[in-house]
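A.B. asks: Curious how this folds, go ahead:
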Amino acid sequence: MEKVTFAIVGTGIVGERIINQLVSNESATIIALFDENKTRLSEMANTYGLIAASSYEEILSLKPDWVYIGTPPVSHAVLSEKAIAAGLNVLCEKPLAHDALDGEVMAKAAVESDVHTAMHFPLMYKPSVRHMMHLVEEGVIGDVVRIELCTYFPHWPRLWQQNPWIGSREQGGFTREVFPHYFQLMYRMFGEISITDHETVYPKNELLAETGVLAIGKTEKQIPVLLNGLTGIGQKEELSYTVYGTGGVLKLRNWSELSIAQKDSPFETLTSFETVKTLVDECVLATQKEEALLVPFAEGLKVQKLIDHLLA
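C.D. replies: Model prediction:
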């Protein structure tokens with residue numbers, strides 16, 4: 001069977017992670033890379049023995065099965081529209097777009113086409129996260145009474161992610177970079193979330209991203225949701241997504257560490273999970289016209305609207 005072909009647009013840190021996932025998958029192959037940063041493009045092409053395209057138009061002319069868009073959010077809509085118009089499947093980095101207006105354009109273009117769209121939400125493809133979803137669905141912790149997301153960062157941008165836009169108010173900040181992962185997970189677990197009140201704190205420098213977010217909301221079934229994000233504080237980075245139930249509590253720490261507590265008992269770390277398919281596996285299945293677990297642009301738009309609400 002022929003390998004499913006991918007072209008990479010945007011070769012930053014996260015783009016390189018996608019490159020590594022594709023290189024290690026026997027059913028996929030990368031046919032070209034493109035980045036406006038020619039130094040980075042040359043570095044990645046040489047490191048992985050891949051072809052560097054001279055333009056985005058050249059990428060489209062190669063007709064890959066999938067175009068991965070890992071550029072800053074402000075460019076997602078334009079690049080996605082062009083790929084969709086060319087009849088190519090699109091895997092887009094999160095957040096979906098610069099704002100919900102651009103997101104609407106992307107979602108509309110996807111719905112009106114025959115292509116597949118997907119978003120890079122890694123949590124959906126982590127065994128511990130899928131196990132957490134299963135435990136909640138099976139009622140292991142009883143009735144859910146609250147959902148909390150707490151994200152604490154000593155530095156923003158994070159030390160490993162220093163670039164010109166990730167710390168900017170226009171395109172960066174943890175509300176765009178980190179919250180979307182958990183908003184998407186909440187949506188899959190509990191349906192749509194609405195924000196009922198929030199306070200977003202910004203520094204005096206109007207070019208810099210938010211330093212704090214505190215918000216309350218609720219799910220479709222009126223389950224309370226608490227969002228708490230803070231940067232520039234004196235502790236190690238800590239992320240926690242907690243689902244409180246009448247019979248137990250599930251906590252996901254730092255992306256993948258899952259633990260469970262039951263009444264009058266301490267948290268116990270869970271380590272045994274079923275294997276799940278990777279995002280690349282799912283993209284391959286979709287290309288082969290098989291059932292696949294992907295996060296389409298329409299779902300990404302729901303997440304985008306929450307981001308916009310918090311940053312308004």
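A.B. asks: residues contacting the most centrally placed residue in the chain?
C.D. replies: Nearest to the geometric centre of the chain sits Phe121, at 3.2 Å (CA atoms, centre = their mean). By CB atoms under 8 Å, 6 or more residues apart in numbering, the contact list for Phe121 reads Lys94, Pro180, His181, Gln184, Leu185, Val295. To be clear about C-beta, it is placed using only N, CA and C from the backbone, and glycine gets the same treatment.
A.B. asks: change it to 7 Å
C.D. replies: Phe121 sits next to Lys94, His181, Gln184, Val295 when contact means CB atoms under 7 Å, 6 or more residues apart in numbering.
A.B. asks: What pairs with the host helix or strand of Arg146, parallel or antiparallel?
C.D. replies: Arg146 is part of strand 144-153, with elements assigned from DSSP states H and E. Sheet pairing of strand 144-153 (DSSP bridges) gives strand 224-231 (parallel), strand 238-245 (antiparallel).
A.B. asks: quick one on the thing from earlier: how close does the residue nearest to the centre of the chain sit to Ile223?
C.D. replies: 21 Å (CB to CB, to the nearest Å).
A.B. asks: just His181 next, same as before
C.D. replies: 19 Å.
A.B. asks: More neighbours: the two, which one.
C.D. replies: His181 (23 against 19; other CB atoms under 10 Å).
A.B. asks: which residue packs closest to the more buried one, ignoring adjacent ones?
C.D. replies: Distances taken as CB to CB, 6 or more residues apart in numbering place Leu123 nearest to His181, at 5.2 Å, with adjacent residues excluded.
A.B. asks: The one you found contacts Phe179, doesn't it?
C.D. replies: No: the criterion here is CB atoms under 7 Å, and Leu123 misses it with Phe179 at 12.0 Å.
A.B. asks: Between the two ends of stretch 207-216, how far is it?
C.D. replies: Chord length of stretch 207-216, first to last residue, is 26 Å (CA to CA, to the nearest Å).
A.B. asks: wait, I meant stretch 43-63
C.D. replies: Stretch 43-63: ends 24 Å apart by CA to CA.
A.B. asks: residue farthest from the centroid of this structure?
C.D. replies: Residue of the chain lying farthest from the centroid, by CA atoms, centre = their mean: Asp264 (35.0 Å).
A.B. asks: May I ask you to confirm that it belongs to a helix?
C.D. replies: No: counting by DSSP: H, G, I helix; E, B strand; the rest coil, Asp264 is not part of a helix but coil.
A.B. asks: For this protein, just list every one of the strands.
C.D. replies: Assigned by DSSP state E, the strands in the chain fall at 4-9, 28-34, 66-69, 89-92, 117-119, 144-153, 193-201, 212-219, 224-231, 238-245, 248-253, 257-262, 268-269.
A.B. asks: now the angle from the first one to strand 28-34?
C.D. replies: Right, the one you point to is strand 4-9. Interaxial angle of strand 4-9 relative to strand 28-34 (axes from the mean of the first three to the mean of the last three CA atoms, to 10 degrees): 20 degrees.
A.B. asks: buried stuff in strand 4-9?
C.D. replies: Applying a neighbour-count criterion of 16 or more other CB atoms under 10 Å, one finds Val4, Thr5, Phe6, Ala7, Ile8, Val9 buried in strand 4-9.
A.B. asks: Can you list the strands that it pairs with?
C.D. replies: Taking DSSP bridges as the criterion, strand 4-9 pairs within the sheet with strand 28-34 (parallel), strand 66-69 (parallel).
A.B. asks: Same check on the last one?
C.D. replies: Sheet neighbours of strand 268-269, with direction, are listed as strand 257-262 (antiparallel) (DSSP bridges).
A.B. asks: Could you pull up the mean pLDDT of the strand it pairs with?
C.D. replies: Strand 257-262 shows a mean pLDDT of 98 in the predicted model.
A.B. asks: what's the answer for stretch 128-136, then?
C.D. replies: For stretch 128-136, the per-residue pLDDT averages 98.
A.B. asks: again with stretch 83-92
C.D. replies: 98.
A.B. asks: Next, the buried residues of it.
C.D. replies: For stretch 83-92, a neighbour-count test (16+ other CB under 10 Å) marks Ala83, Ile84, Ala86, Leu88, Asn89, Val90, Leu91, Cys92 as buried.
A.B. asks: Nearest residue to the last one in space, please, no chain neighbours.
C.D. replies: Counting by CB to CB, 6+ apart, the nearest residue to Cys92 once its immediate chain neighbours are dropped is Ile69, at 4.7 Å.
A.B. asks: Equivalent analysis for the third one, please.
C.D. replies: Here the nearest residue to Ala86 in space, its sequence neighbours aside, is Leu60; by CB to CB, 6+ apart that works out to 4.8 Å.
A.B. asks: Ok, the first one next?
C.D. replies: Sequence neighbours aside, Val67 is the residue nearest to Ala83 in space, at 4.4 Å (criterion: CB to CB, 6+ apart).
A.B. asks: Could you pull up the residues touching the one you found?
C.D. replies: Taking CB under 7 Å, 6+ apart, one finds Ala7, Val9, Ile59, Ala83, Leu88, Val90 in contact with Val67.
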